[in-house]
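Undergrad: Need coordinates for the following:
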Amino acid sequence: MPKKLGDLTLYSVEELSKILDIQETTIRKYLREGKLKGRKLARKWYVTEESLTEYFRETEQEEA
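TA: Next up, the predicted model:
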């Protein structure tokens, strides 16, 4: 279940892996490469709902 921090919704790599049906290693690779924006806190990566939406918008624009 995503974490709520004020008005932010934070997803861990594990949660994104299950939701998107993508391997955790792929998500971590996207984070390292900057394809997906996130923050590392206490040895865990977190991605905001806004960053996830931005990633998919950029992907759609590249395909068009």
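
Undergrad: Only C-alpha atoms from now on, for both contacts and neighbour counts.
TA: Noted.

Undergrad: what residue is smack in the middle of this structure?
TA: With distances taken as Cα atoms, centre = their mean, residue 47 lies nearest the centre of the chain, 4.0 Å away.

Undergrad: May I have the phi/psi pair for that residue?
TA: phi -120, psi 130 (degrees, to the nearest 10).

Undergrad: residue contacts, residue 53?
TA: Contacts for residue 53 (Cα atoms under 8 Å, 6 or more residues apart in numbering) come out as none.

Undergrad: Could you list the low-pLDDT ranges of the chain?
TA: Counting by pLDDT under 70, the chain contains low-confidence ranges at 59-64.

Undergrad: Would you map the helices across it?
TA: 13-20, 24-33, 49-63 (DSSP state H).

Undergrad: Pipe those into a markdown table and attach distance to residue 1 per row.
TA: Shown next, in a markdown table, are those (distance: least, Cα to Cα, whole Å):
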| stretch | distance to residue 1 |
| --- | --- |
| helix 13-20 | 7 |
| helix 24-33 | 16 |
| helix 49-63 | 13 |
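
Undergrad: nearest to residue 7, of the ones you listed?
TA: Of all the helices of the chain, the one in closest proximity to residue 7, counting by Cα to Cα, is helix 49-63 (10.2 Å).

Undergrad: Which of the helices of the chain sits closest to residue 41?
TA: That would be helix 13-20 among the helices of the chain, by Cα to Cα, at 12.0 Å.
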